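Participant: Show me the folded form of this:
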Amino acid sequence: MKLNDDRAGRLILGLRQQGVMDARVLAAMESIDRAVFVHEKFLDQAWEDQALPIDCAQTISQPYIVGLMTQALDVQPRHRVLEIGTGSGYQAAVLSRLARYVYSIERYRSLLNEAEARLKALKIDNVITRHGDGGLGWPEQAPFDRIMVTAASPGEPTELLHQLKPGGILVCPVGRSSVQRLHRYVGQPDGSFQRESLAEVRFVPLVEGTAKEG
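Facilitator: Numbering: from 1, shown residues only. Here you go, the predicted model:
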């Protein structure tokens with residue numbers, strides 16, 4: 001869908017000015033109407049470069065952070081990508097434009113149902129979802145070319161790193177406080193991982209188990 005909206009163009013220009021330069025990532029973000037993924041009362045802010053609240057005390061990430069993490073993941077057209085934390089479904093939608101398949105896990109059933117409906121409405125059919133504990137990954141579908149974690153891991157995401165293919169990349173916020181470091185892990189030939197710190201970020205914590213709702 002082509003968005004005839006000056007706000008989308010301004011947002012993409014702003015992302016470029018902040019260092020998100022990957023043309024494929026920018027095109028993917030421009031092609032996804034973020035307004036589909038935000039609450040009605042925040043529609044006027046859908047194309048602003050800021051995080052917005054969604055249900056279950058979660059958020060839809062700031063577009064700059066979505067762009068930064070997606071660019072760092074270096075997704076290629078034949079890749080299988082694991083996303084931890086479906087949330088609104090926006091990040092999965094962006095990844096769907098870049099990857100062959102996106103496997104996305106969400107601990108809140110209600111959020112997952114809403115995200116699935118949005119993805120279906122946008123006719124996105126290469127995102128496979130699951131209600132479960134994101135910290136455990138998706139062993140039955142592993143290994144993955146890329147893994148993105150959209151919640152803060154309290155420590156090194158060891159379980160998820162084990163589900164990467166050799167040479168794979170994982171991007172994850174790490175830290176126990178309200179402010180974390182965004183890390184990029186790149187698999188090395190000897191089986192180790194090279195870690196690079198990309199930015200200071202604020203994410204909700206990665207919590208064990210599935211959520212009890214209602």
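
Participant: Residue 70 contacts residue 93, doesn't it?
Facilitator: No. Contact between residue 70 and residue 93 fails when scored by C-beta atoms under 8 Å: they sit 11.1 Å apart. C-betas here are computed from N, CA, C, even on glycine.

Participant: Closest to the centroid, which residue in the protein?
Facilitator: Centre of the chain computed as the mean C-alpha position; nearest residue by C-alpha atoms, centre = their mean is residue 91, 4.2 Å away.

Participant: Just to check, that residue is in contact with residue 151?
Facilitator: No. Here residue 91 does not reach residue 151: they are 11.3 Å apart, not a contact under C-beta under 8 Å.

Participant: Please state the offset of stretch 44-54 from the chain centre?
Facilitator: Distance, stretch centre to chain centre, for stretch 44-54: 16 Å (C-alpha atoms, centre = their mean, to the nearest Å).

Participant: again with stretch 166-176
Facilitator: Centroid displacement of stretch 166-176 relative to its chain, using C-alpha atoms, centre = their mean, is 12 Å.

Participant: what comes into contact with that stretch?
Facilitator: With contacts defined as C-beta atoms under 8 Å, 6 or more residues apart in numbering, stretch 166-176 is touched by 69, 72-74, 84, 143-149, 151-157, 160-161, 164, 180-187, 189, 191, 193, 198, 201, 203, 205.

Participant: Report whether the expected contact of residue 28 with residue 71 is present.
Facilitator: No. Counting by C-beta under 8 Å, residue 28 stays clear of residue 71, with 10.4 Å between them.

Participant: Helix, strand or coil: sort out the most far-flung residue of the chain relative to its centre for me.
Facilitator: In terms of distance from the mean C-alpha position of the chain, residue 190 ranks first, at 27.8 Å (C-alpha atoms, centre = their mean). Secondary structure assignment for residue 190 (DSSP: H, G, I helix; E, B strand; the rest coil): coil.

Participant: how about stretch 127-134: buried residues?
Facilitator: For stretch 127-134, a neighbour-count test (16 or more other C-beta atoms under 10 Å) marks 127, 129, 131, 132, 133, 134 as buried.

Participant: Make a markdown table from those and add secondary structure to it.
Facilitator: A markdown table is the format used below for the buried residues of stretch 127-134 (three-state DSSP):
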| residue | secondary structure |
| --- | --- |
| 127 | strand |
| 129 | strand |
| 131 | strand |
| 132 | coil |
| 133 | coil |
| 134 | helix |
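
Participant: Tabulate those residues in TSV, adding columns for pLDDT and distance to residue 103.
Facilitator: As requested, the buried residues of stretch 127-134 are exported to TSV (pLDDT from 0 to 100; distance: C-beta to C-beta, whole Å):
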residue	pLDDT	distance to residue 103
127	98	8
129	98	8
131	96	13
132	94	11
133	94	14
134	94	11
